[in-house]
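**Q** Coordinates for the following, if possible.
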Amino acid sequence: MRLDGWMIIAGFILLLIVWAYVASRIKERRYRKAVQALLPEVNDHLKLNTIYRVHLSSGRILENVRFVGISRPYGRTGEYLPFPLHDWVAVEHEPGKRTFIKPSTIRMYEEM
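**A** Here you go, the predicted model:
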């Protein structure tokens, strides 16, 4: 009899967890639909050959730069440098002069 009581309590707790998960998913879906009704999604992001003003988290602003690309890991066999020198965003100030920035330091960018 005692084992049956614990099974009922465990089943009830499991049911509450599943109900909370489903309820949060439904709430998130309703919230997403409400936001989309107010503001449509913009599928436009970085474009090559477009001039930008890039604001960094340090407060520095990079004026008149173009996004060139993202650096990849060193070597093709999965070799890595002793510190993370990959996945940096490359921007070009003028032909031939580039700056490499960690993506997490970019706060916003504006089209010029």
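
**Q** next helix or strand past the longest strand along the chain?
**A** For the chain, the strand reaching the highest residue count under DSSP state E is reported as strand 61-70. Scanning forward in sequence from strand 61-70, with DSSP states H and E defining helices and strands, the next element found is strand 89-94.

**Q** what comes into contact with that next one?
**A** Counting by Cβ atoms under 8 Å, 6 or more residues apart in numbering, the neighbours of strand 89-94 from elsewhere in the structure are 52, 54, 62, 64-71, 98-103, 106. For the C-beta atoms, the positions are set from N, CA and C on the backbone; glycine is no exception.

**Q** now the angle from the helix or strand following that strand to strand 89-94?
**A** Using DSSP H and E, the helix or strand that follows strand 89-94 in sequence is strand 97-101. When axes from the mean of the first three to the mean of the last three Cα atoms, to 10 degrees is applied, the directions of strand 97-101 and strand 89-94 differ by 150 degrees.

**Q** okay, now Val91: neighbour count?
**A** As a burial measure, Val91 scores 21 neighbours (other Cβ atoms under 10 Å).
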